[in-house]
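Peer 1: the following block contains a protein sequence and its predicted model.
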Amino acid sequence: MRRAATSYDESDVRVRPGKGSRPRTKTRPAHDDAAEAMVVSVDRGRWGCVIGGDPDRRVVAMRARELGRTPVVVGDQVGVVGDLTGRKDTLARIVKVADRSTVLRRTADDTDPYERIVVANADQLLIVTALADPPPRTGFVERALAAAYVGGLSPILCLTKSDLADPADFAAAFADLDLPVVIAGRDDDLTEVTAILSGKITALIGHSGVGKSTLVNRLVPEADRATGVVSGVGKGRHTSTQSVALPLPDGNGASEATGKCDGWVVDTPGIRSFGLAHVGPDDIVDAFADLRDTIDECPRGCSHLGPPADPECALDALSGHSLRRAMAVRQLLIAVTSGTQHADDPEADPPIPAGG
């Protein structure tokens with residue numbers, strides 16, 4: 001006979017036992033024994049890492065679950081555990097990502113809120129620009145300079161195809177920024193270039209077709225980076241599709257940062273635009289120590305572009321070399337804030353050089 005619902009009491013209730021008595025915890029192992037490594041390549045959820053900066057101790061790693069979606073990019077200093085032999089079909093785990101000393105970022109265009117990290121912890125940015133075929137555009141260089149200054153990298157202008165045009169005129173547009181300029185044409189001696197790269201981690205960036213991969217192959221003969229041709233409309237074909245860090249041949253430049261090689265060059269994919277949606281006027285001017293105090297005298301909201309937009313900008317009160325330098329920095333600001341998405345496109349008309 002069925003019992004009435006009112007006849008039940010607590011003694012009739014059965015509690016299903018738990019699956020275990022040990023409570024769940026979010027505590028994760030500290031991985032104090034993790035080996036230090038540098039990320040040298042990224043490809044479809046797998047990261048190539050060199051242990052202790054030694055190019056001969058290369059392992060393939062996955063990102064540990066506890067890191068979630070933490071971005072890991074070329075140049076990152078990471079902690080790795082697991083199988084570190086580097087043998088075929090073995091897989092280590094990245095369990096730590098160290099704080100970055102520098103970051104080179106860009107966006108797809110000036111309205112894109114999503115920042116893409118191109119490379120981390122690079123000391124220098126080598127901006128590779130052809131003097132002809134495709135013709136040089138100051139817009140791309142100015143934007144790359146802005147990204148370098150804001151990200152903490154030291155920029156260097158590298159001019160290729162010097163057999164086709166005189167580099168003096170184009171280099172003069174950046175003279176007041178005290179920007180180092182090196183020539184790296186196909187037949188030019190690279191002694192000056194290798195001296196600048198020695199003992200440093202250097203990212204290379206440039207439009208497709210400017211000879212960047214050709215330069216990398218000269219610097220690192222075993223790199224075997226693909227090289228392409230320039231189309232009839234002056235645009236290069238993308239030949240580098242993934243960023244990769246390559247060790248420079250042995251020399252005297254080994255350091256704590258570069259590990260057991262003379263330095264590293266990070267070859268990045270050729271690009272046609274360099275968005276700076278993440279960069280503001282104060283970010284750029286603040287990167288110049290000699291101008292940082294000056295802009296403290298500017299009125300609130302000053303964009304440092306000068307008259308008529310900013311008639312009381314303190315940069316205009318400078319004189320001599322300081323004024324020329326401030327005007328060169330202002331040219332960077334114009335390139336960033338002009339809102340012309342294609343200012344750095346190879347087919348765009350060249351902007352007026354600083355002081356022109």
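Peer 2: That came in fine, so what should we check first? None of the values given here were measured: they were computed from a predicted structure. Numbering: from 1, shown residues only.

Peer 1: what is the helix or strand that contains Lys96 packed up against?
Peer 2: Following DSSP states H and E, one finds Lys96 within strand 92-97. Secondary-structure packing of strand 92-97 (3 or more Cβ pairs under 8 Å, 6 or more residues apart in numbering; DSSP states H and E): strand 46-51, strand 58-63, strand 77-82. Placement of C-beta: from N, CA and C, glycine included.

Peer 1: flag every buried residue along stretch 130-138.
Peer 2: 130-131, 133-134, 136-138 (16 or more other Cβ atoms under 10 Å).

Peer 1: also stretch 47-61?
Peer 2: 47-51, 53, 55, 57, 59-61.

Peer 1: and stretch 134-153, by the same measure?
Peer 2: 134, 136-151, 153.

Peer 1: returning to that earlier point: which one in the buried residues of stretch 47-61 is the model shakiest on?
Peer 2: Taken together, the buried residues of stretch 47-61 show their lowest pLDDT at Gly53, with 89.

Peer 1: all the strands of the stretch 151-300 of the chain, residue numbers only.
Peer 2: Counting by DSSP state E, counting those that start in this stretch, the stretch 151-300 of the chain has strands at residues 154-160, 181-183, 201-205, 244-247, 264-267.

Peer 1: ok, which of those comes nearest Ala175?
Peer 2: strand 181-183 (8.8 Å; Cβ to Cβ).

Peer 1: still on that earlier bit, adding distance to Cys313 and mean pLDDT, write the strands of the stretch 151-300 of the chain out as a markdown table.
Peer 2: Putting the strands of the stretch 151-300 of the chain into a markdown table (distance: least, Cβ to Cβ, whole Å; pLDDT from 0 to 100) gives the following:
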| stretch | distance to Cys313 | mean pLDDT |
| --- | --- | --- |
| strand 154-160 | 24 | 96 |
| strand 181-183 | 28 | 95 |
| strand 201-205 | 30 | 96 |
| strand 244-247 | 41 | 94 |
| strand 264-267 | 36 | 95 |
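
Peer 1: re the thing from before, can you tell me which of the buried residues of stretch 134-153 are in strands?
Peer 2: In strands, judged by DSSP state E, none of the buried residues of stretch 134-153 are found.

Peer 1: can you pull up the bridge partners for the residue nearest the centre of the chain?
Peer 2: Nearest to the geometric centre of the chain sits Leu104, at 2.9 Å (Cα atoms, centre = their mean). Beta-bridge partners for Leu104, by DSSP bridges, are Val119.

Peer 1: pretty sure Leu157 contacts Leu131?
Peer 2: No. Counting by Cβ atoms under 8 Å, Leu157 stays clear of Leu131, with 11.2 Å between them.

Peer 1: please enumerate residues in contact with the longest strand along the chain?
Peer 2: Counting residues, the longest strand found in the chain (DSSP E) is strand 35-43. Identification of contacts with strand 35-43 by Cβ atoms under 8 Å, 6 or more residues apart in numbering yields 47-53, 58-59, 61, 72-81, 84, 94, 121, 242-246, 259, 264.

Peer 1: ok, and for it, which residues are buried?
Peer 2: 35, 37-42.

Peer 1: now that strand: how far from the chain's centre is it?
Peer 2: Its chain's C-alpha centre and that of strand 35-43 lie 15 Å apart, by Cα atoms, centre = their mean, to the nearest Å.

Peer 1: same check on stretch 326-342?
Peer 2: Per Cα atoms, centre = their mean, the centroid offset for stretch 326-342 relative to its chain is 20 Å.

Peer 1: repeat that for stretch 43-59.
Peer 2: 19 Å.

Peer 1: about what we covered before: need the max-distance pair from the buried residues of stretch 130-138.
Peer 2: Among the buried residues of stretch 130-138, Asp133 and Thr138 lie farthest apart (Cβ to Cβ), at 17.0 Å.

Peer 1: let me see the ranges of the helices in this protein.
Peer 2: For the chain, the helices defined by DSSP state H cover 138-151, 168-172, 191-197, 212-219, 281-286, 289-292, 320-337.

Peer 1: in TSV, list the buried residues of stretch 130-138 along with pLDDT and distance to Gly211.
Peer 2: What follows is the buried residues of stretch 130-138, written out as TSV (pLDDT from 0 to 100; distance: Cβ to Cβ, whole Å):
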residue	pLDDT	distance to Gly211
Ala130	93	6
Leu131	93	10
Asp133	86	9
Pro134	82	10
Pro136	87	12
Arg137	82	15
Thr138	85	18
